[in-house]
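Chemist: Sequence and predicted structure, then a few things I'm wondering about:
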Amino acid sequence: MCYAIPGRVIELNGKFAVVDYFGEHRNVFNEFEGLKVGDYVYAQGGIIVQKISEDDALIILKEWKQLFFELKEVDSAISVMDENTFDKILSNAEQGLENEEALRLLKLSNKNEMDLLFKTANKLRQKRLKNSCCIHGIIEFSNYCRNNCFYCGIRCENKQLQRYRMTVEEIVVLADYSVNKLGFKALVLQSGEDMWYTTEKLVEIIKRIKEKCGVLLFMSVGTRSFECYTAMHEAGARGVLLRFETSNPKLYEKIHFGPKSDFKYRIALLKHIKKLGYIIATGALIGLPGQTETDLLNDILLAKSLEADMYSFGPFIPHPKTPFSGAEIVDINIVLKVLSVARLLNPDAKLLVTTALETLDVDGRRLGLLSGANSLMINITPLEYKNLYEIYPNRAGSDVETAVKNTLNLLYSLGRAPTDLGL
Ligand code: 5AD
């Protein structure tokens, strides 16, 4: 089984190409020398990550063909709405939602109105991006952190937490297994801000993985130096997951502690990263103490102004060993409203359902996907470490094989297929 469907190159324009998936076309970026029209490829996040032989591709596509069209029908049936109601909201959204209207939507509290918002966002997702859904594997390779952020369970002052570090070899072996045995085409390597992994070590990890695997590698290693991000890009990483956590500078400064932990640096770094050519996944925590609906709207607008390729918005879940242990648990509808408004403000976005949403609500992933989201993460951290990567408590999860099976069942029940979303 694989978590991406191969496509056929039908057009080449310099560094860009158009890939066909059963008649649907996506624009992608190409770094493969000698790519030709007619070649079969895997793309992730709008970047070609692997070429495959025509013989192999045709076998896989034959297996997918019937399922692909069945899934599209399921998705269309789920996304259907009363046309009159839908047209009105949707045409407003498609013409560009005013900020005031977006704020009103974030403040909705009536159940029927919220449901209509979620359905509209889902319909817009379906209309613009069809049933494409990307699946990323995440490896949490170290829970050491030099920072002391108020919301995070792996903050350095949490002395009760047992710390771990995966060796370079362990990380490379796990990535190799995840890509070449399990079929992942995009991986996120995440850790606390652990400077044991020097720039040189991170570069070595990336180079060794890229030698063995055709994969889109996302790095999620925090506010490192500009030079570190430049070096990781040169080594072959093409994505960065770095949230700005909140767009409200005052709130930001109140809850972040550590080197390079000021708001200005983080935003400047995100801009630098974007300029380097990385795909950026960014966003904020939802439900932080003191956060308002206006902050949430500004969070979505900031992600947009940073030209986020992927939106990562998830609930804040209080951790008992942090200063925010007594904070109120956010209502899932607030998270779903943020996802929906993010979709309405950015109709073509890749919108992630975070693993924290699953912890907040067992049905969180399904509800997120039905509120405008179209990307998922599967945690592939070894079980012995996963429980220790305690950014928030009670992290949802099972072994990788079960997680993969559950995710695919969920996607199929919603009619989603792992075709690339393109650029
Ligand atoms: N609840 C939810 N998400 C959290 N993170 C850190 N602590 C928590 C928490 N208590 C998130 C941050 C960070 C990501 C790696 O983990 O947003 O960017």
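Modeler: Happy to help now that I have it.
Chemist: dump the residue contacts of residue 40.
Modeler: If you count contacts by C-beta atoms under 8 Å, 6 or more residues apart in numbering, residue 40 has them with 6, 7, 8, 9, 51, 52, 53, 54, 56, 57. In short, each C-beta sits where N, CA and C put it, glycine included.
Chemist: Which of those residues ranks first by neighbour count?
Modeler: Tallying neighbours with other C-beta atoms under 10 Å puts residue 7 at the head of the contacts of residue 40, with 27 neighbours.
Chemist: Give me the neighbour count for the residue of the stretch 51-200 of the chain found nearest the ligand.
Modeler: Going by C-beta to the nearest ligand atom, the ligand is nearest to residue 152 of the stretch 51-200 of the chain, at 3.7 Å. Counted with other C-beta under 10 Å, the neighbours of residue 152 add up to 24.
Chemist: Tell me who's in contact with the closest residue in space to it that isn't next to it in sequence.
Modeler: Of all residues not flanking residue 152 in the chain, residue 391 sits nearest, at 5.4 Å (C-beta to C-beta, 6 or more residues apart in numbering). Neighbouring residues of residue 391 by C-beta under 8 Å, 6+ apart: 152, 153, 154, 319.
Chemist: The last one against residue 395, yeah?
Modeler: No. Counting by C-beta atoms under 8 Å, no contact exists between residue 319 and residue 395, whose distance comes to 10.5 Å.
Chemist: More neighbours: the two, which one.
Modeler: Neighbours per residue (other C-beta under 10 Å) separate residue 319 from residue 395, with residue 319 holding more: 23 against 20.
Chemist: per-residue confidence at the more buried one?
Modeler: Residue 319 carries a pLDDT score of 97 in this model.
Chemist: Distance of the residue nearest to residue 152 relative to residue 290?
Modeler: Residue 391 is 20 Å from residue 290, where distance means C-beta to C-beta, to the nearest Å.
Chemist: ditto for residue 8
Modeler: In terms of C-beta to C-beta, residue 8 sits 51 Å off from residue 290.
Chemist: will you turn the contacts of residue 40 into a markdown table that also has secondary structure and pLDDT?
Modeler: Formatted as a markdown table, the contacts of residue 40 follow (DSSP: H, G, I helix; E, B strand; the rest coil; pLDDT from 0 to 100):
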| residue | secondary structure | pLDDT |
| --- | --- | --- |
| 6 | coil | 93 |
| 7 | strand | 95 |
| 8 | strand | 96 |
| 9 | strand | 96 |
| 51 | strand | 94 |
| 52 | strand | 94 |
| 53 | coil | 95 |
| 54 | helix | 96 |
| 56 | helix | 93 |
| 57 | helix | 94 |
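Chemist: Redo the residues you listed as TSV? Include distance to the ligand.
Modeler: Output for the contacts of residue 40, formatted as TSV (distance: C-beta to the nearest ligand atom, whole Å):
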residue	distance to the ligand
6	31
7	31
8	36
9	35
51	32
52	33
53	38
54	40
56	36
57	35
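Chemist: Kindly indicate which of those lies nearest residue 281.
Modeler: residue 7 (22.1 Å; C-beta to C-beta).
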